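[1] could you work out the structure for the sequence below:
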Amino acid sequence: MMGTRNGSRPCVWLVVCALATASVTSRAAAQEVTASVYGVVRDATGLAIPGVGVQFRSVETNRVWRAVTDDTGSYTIPSLPNGTYEGAAQLDGFNRAVVTDIVLRVNDKRRVVFVLQASDLEETVTVQADLVAVDTASGTTSSLMSGDDMRSLPSVGRNVMPLAMDMPGVAGPNTSDERAGQWQSVNGIRPTHNSWLIDGGYNIDTGGNWGMPLAPNQETVAEFRAIRGNYSAEFGTGGGSTFNIITKAGSNQFSGSASWYHRNEKLVARDYFSPETEPFRENDIGATLGGPVIIPGLYRGRDRTFFFAFVGTRTERRDERSTSKLPEMAYRTGDFSGLGAAIIDPQTGAPFPGNVIPADRIDPFARTYTDLYPDTNYSDTLSNNHTVLRPEKSDLPQLNLRVDHHFNERHRIFGRYIYENAKVNGYAAPGFDFHANSRRSPRNNTVINFYSIFTPNLLNEASFTRSHNRIMNFPPLFPRDQFGLEIPELVPQTADNYPIGSLNLATVPNPAPAIELTNYQGFPASAFWSNYQSIFDIKNHLTWLRGPHTVKMGFDYAYEKKFEPADTNVFGAFDFDGRFTGDAYADFLLGMAGSYSESSAVSFNDNRRHAFEAYVDDSWEVANRLTLNLGLRYSLFRPATEPDGRYRSFIPEAYDPEAAVTVLPTGEIPPTGGDPLNGIVDPSGYWDYTPWNFAPRLGFSYDIFGTGRTALRGGYGRYYSREILGAFILIASNPPFQERLELENTRLSDPRRGTTDEVTFPINLSAIDPDQRSAYTDQWNVNVQQLLGGSVVLEVGYVGTRGRNMMRSRDLNEGPLSADVPAGSLSANALRPYQGWGQISWREQTYASDYHGLQVGLDGRVQSNLQLKASYTWSRTRDNADNRGHIYGASAYNNKMPDLLAGPASFDTPHRFVGSAIYQVPWLADRRDLLGAIAGGWTISTIFTAETGYPFTPTIGVDRAGLGAERDQRPVLVGDWGGEDQTVDRWFNTDAFEMPAPGTLAATPRNFMRLPGRSNWDISMSKLFPLGGTAKLEVRVEAFNAFNTTQFSAVGSNMSDDEFGQVTDTHPARRLQLGARLTF
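    Have a look, this model is predicted:
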């Protein structure tokens, strides 16, 4: 029976036993950038010993943290920097116990138990801590990757973010697919609801919450922790995962590295759809140096002040291939005799004789545009007929500086600054001669953390973060006067209404209107664009240790600034969809556009938002084998504001039908009176947000057998999220500050269709539902962790999540179905309920998701030279809107058939397995001769990924329903779309789909088809050469898609495109990367 004993009881032997367990949150609560140790001191009979002095010394910095066991023999030391420690327990009458090699990672809570017997001799007994252990202190699910493991595994681009894909419950682009946008969905939650941190400080673009704007170089990373679910009340902001990157710190020993990684076209296999490998050269060069701060004759910082610095650059020079489908040479003269389909004359309703458009019917501006097309020069299975290589130059200079200072044992501080500036100069697709462009994206992140120990049981951690990034786009210069394309604008841009200063321009540009052609390459838009963001964040965490309770409380205040243009389409864009002749390019030659859109001004807006959260968390060791984590977090997310008062939104209650303007069947608004701003208000007086968001957190961990080898863990939590700022940015693009005009069935040479300036047109609006219910996620999980052998942990568990009140979009002003609109005889704007307005993109808190998943994880060292990490996820995610549809587009089914929006999420991945291994080959490793120097001492590492493909929905690409926009309208499913004989040219049975009748919506389900799955191997081989002293040279070769397996990644899903049903893209072919890394 266990109890408390007096430290003076005589004994004759000293026995030391160290049992360590790693966890994310624990009895001392989680820390964003630190770790904790806790445990108990006992005698050989199991009685706890009070009053024992316990200390932990950092091996890297020689700093010491101390505690004394309480009446129950327990101790806790929170807020320790990550690193390697030596623990010791000592009391008069006892020998000294030492535990070495205690490795603490970010958010760890490691349990170290000292078992003593008294002795009259002054002896020290030393044991080594276990490498890994079962988490017996919390119900949190998390994954960790050390910087050393990160640098050992194959990694294209040396980026941290893709390595999150190696963890259970995570879906997104594959680790080695650098061409894919990097995002992660964790446990079925939208990627926009993750929280990305560097050293505990925010690193996210709040405009879209889409990944992190600044990606630290792997040479600067100490470790990477993903807290995937059921995290404590200390963490908030998003209901997905909290990804925290911890940067390296200096130590008492000077150390450094110099690295070089290289790729070129000779090391790259040809992609499946490319005629050849394109010229390419990339170099990633960096150097680090860390150690104590020493200024000769002035300051010696050993044991006190430390620094770590990194400087590097990534340069890439390539010829970027653009492949596209241009109009055939004969088509450009009006001769469509080789098309294989009739070209209808809109004037007669019959085909043109010989399928040839007479030369005098060709619009002169269409002829001028056509003359800018290059000749066709290529042919492939996707009907593309033009390819071109254009030079692209990109540079990414990087800088990282960190300083840690210990004032004394009670106070310490660290500051860290990261800077990078991405610069790209190249050509926009499709790579025409006049499409040269450039982009700049400087960003930086600063964190300052201050730690204080007020009393042995009262500690405080305060932090300040500033995160800043900017994006500047300088598009191709395509002046309409220079190219003879002086198509009249609805609202000409001048120095009075165009923000040349905000866009870093000297004069007002005047590019030609953009041209979009269904099934053909058009002339893309070219808008100058610039934004910037700053986040200022202050956090404070106070920890109070009292008996079996560790109470932690604190707050998080964030101030966000986002300066961004909401809409830059001020020079106009035509859309030709083939509604008049049956072919989009034939419509273009006739100058008959399906629609024309233009905004009256660039609407810059300076968005501001304040977010405040507070929490209290108690980690309660109820019994020796049971720990409860109890917490409550409060979140206050007010709507964003704009200091210049530029927010305007449509509110249905403010719309007066009696004051509505007149809309003619053609969509025009004659000057007959009415309120042109009917329903437009400043929304600040209408917001109805939830000020009382309380999120409970409950976690438990039960050591089933009391051995520390098997734990039953689980919990429940609610997590509130602040929505992206993009929705508020868009409502700054409404009248009277900006008018977004869209005209249907108009002319290329005269978008106004011959009307005078007195005639206006319905304006498209962006609006937000004033009922701003806070988005939240409920999470629950239960799992079992089992220690296999001495250093491998197996975790098997169930995870469920439920997302509610997240944002999605619908057209609030959608009219009835109409066959007259696609026929061109009636404007959809004439049928809308709120007359005088076009589409009203209404952002509302109605997105919902549900996730259920079996997650299995394996992590540890199987033997001294083999380390394994593996994860398998079997899951199902369902929701009612596509990935980013909540902001950038409504569905045609929102109002008419909402039940058909429910289906598999666009990131749903039912099966996903990722396994990685680091194997130090033992053969010839001990040889000291030439053979050993060449063939011995190699390390092989690999990442294997196998997963099912993402779901997708076929669409028709045109507005058959007559709603005024295509908005993912679907074909009619009339047969079996599957096929046993899948080929590149026919991945599914396209005959199973038909166009819906005009004025109807097809009752086809969402996301019922799937893209091809994937199976991929990335492999690296490296060898370490000792150079004398501590200096070592590592050489390595890495292979991504090592076996050069063709892996299809996209299938044509638009029924209006020739590529419908065809495989259109692949994941990258095999790429090799060479590297060398010198360390000392």
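
[2] contacts for stretch 357-373, please.
    Residues from elsewhere that reach stretch 357-373 (CB atoms under 8 Å, 6 or more residues apart in numbering): 326-327, 332-334, 336, 343, 352, 432, 434, 483-485, 487, 512, 515, 523, 586, 588-591, 747-749. C-beta coordinates here come from the backbone N, C-alpha and C atoms, glycine included.

[3] of those, buried ones?
    Neighbour counting by 16 or more other CB atoms under 10 Å classes 326-327, 332-334, 336, 343, 352, 432, 434, 483, 485, 487, 512, 515, 523, 586, 588-591, 747-748 among these as buried.

[4] show me where the stretch 901-1050 of the chain has its helices.
    Under the criterion DSSP state H, counting those that start in this stretch, helices of the stretch 901-1050 of the chain are mapped to 930-935.

[5] surely T76 and G547 touch.
    No: counting by CB atoms under 8 Å, T76 sits too far from G547 to count as a contact (10.4 Å).

[6] name the nearest residue to H411, ignoring sequence neighbours.
    Once flanking residues are discounted, H411 sits nearest to S452: 5.3 Å by CB to CB, 6 or more residues apart in numbering.

[7] count of neighbours near that neighbour?
    Neighbour count for S452, taken as other CB atoms under 10 Å: 16.

[8] helix or strand for it, which one?
    In the assignment (DSSP states H and E), S452 maps to strand 436-455.

[9] and that strand, average pLDDT?
    Across strand 436-455, pLDDT averages out at 94.

[10] and the contacts of stretch 657-666?
    Stretch 657-666 is touched from outside by 669-670, 672-676, 678, 745, 753, 762, 825-827, 829-830, 832, 834-836, with contacts defined as CB under 8 Å, 6+ apart.

[11] look up how far A566 lies from the most centrally placed residue in the chain.
    Nearest residue to the geometric centre of the chain (CA atoms, centre = their mean): G211, 2.6 Å. Separation of G211 from A566 (CB to CB, to the nearest Å) stands at 21 Å.

[12] one more: T1004?
    T1004 sits 33 Å away from A566 when distances are taken as CB to CB.

[13] for W837, same thing?
    In this structure, W837 and A566 are 17 Å apart, going by CB to CB.

[14] repeat for R986
    Taken as CB to CB, the span from R986 to A566 is 42 Å.

[15] the two: which has the busier surroundings?
    Using other CB under 10 Å, the more surrounded residue of R986 and A566 is A566, with 23 against 15.

[16] any regions of the stretch 151-300 of the chain where pLDDT drops low?
    174-182 (pLDDT under 70).

[17] still on that earlier bit, T76 and G547: who's more crowded?
    Shown here are T76 and G547; by other CB under 10 Å, T76 has more neighbours (25 against 12).

[18] a strand runs through that one, doesn't it?
    Yes: according to DSSP: H, G, I helix; E, B strand; the rest coil, T76 belongs to a strand.

[19] which strand residues bridge the residue nearest to it when sequence neighbours are not counted?
    Nearest-residue entry for T76: Y38, 4.2 Å, with adjacent residues in sequence omitted and distances by CB to CB, 6+ apart. Y38 has the following beta-bridge partners by DSSP bridges: T76, R111.

[20] Y38 against G73, yeah?
    No: counting by CB under 8 Å, Y38 does not reach G73; the two are 11.7 Å apart.

[21] now do the nearest residue to L900 once chain neighbours are set aside, the pLDDT please.
    Spatially, and ignoring its direct neighbours in sequence, L900 is nearest to Y893 (4.9 Å; CB to CB, 6+ apart). Per-residue confidence (pLDDT) for Y893: 90.

[22] give me the neighbour count for Y893.
    Here the count is done by other CB under 10 Å, and Y893 has 24 residues near it.

[23] list the contacts of it.
    900-901, 968, 1001, 1006 are the contacts of Y893 under CB under 8 Å, 6+ apart.

[24] rerun at 7 Å
    Counting by CB atoms under 7 Å, 6 or more residues apart in numbering, Y893 makes contact with 900-901, 1001.

[25] okay, these in JSON lines with distance to R318, neighbour count and pLDDT next?
    Shown next, in JSON lines, are the contacts of Y893 (distance: CB to CB, whole Å; neighbours: other CB atoms under 10 Å; pLDDT from 0 to 100):
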{"residue": "L900", "distance to R318": "43", "neighbour count": "20", "pLDDT": "94"}
{"residue": "L901", "distance to R318": "41", "neighbour count": "23", "pLDDT": "93"}
{"residue": "L1001", "distance to R318": "44", "neighbour count": "20", "pLDDT": "96"}
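
[26] can you redo these as a markdown table with distance to G717?
    As requested, these are exported to a markdown table (distance: CB to CB, whole Å):
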| residue | distance to G717 |
| --- | --- |
| L900 | 32 |
| L901 | 28 |
| L1001 | 40 |
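
[27] between those residues, which is nearest A422?
    Closest to A422 out of the contacts of Y893 is L901 (36.7 Å), distances taken as CB to CB.

[28] now the closest one, nearest residue through space, not along the chain?
    In space, L901 is closest to N880, 4.5 Å off (CB to CB, 6+ apart).

[29] which stretches in the stretch 751-900 of the chain count as helices?
    All helices of the stretch 751-900 of the chain, identified by DSSP H, counting those that start in this stretch, fall at 820-823, 885-888, 893-896.
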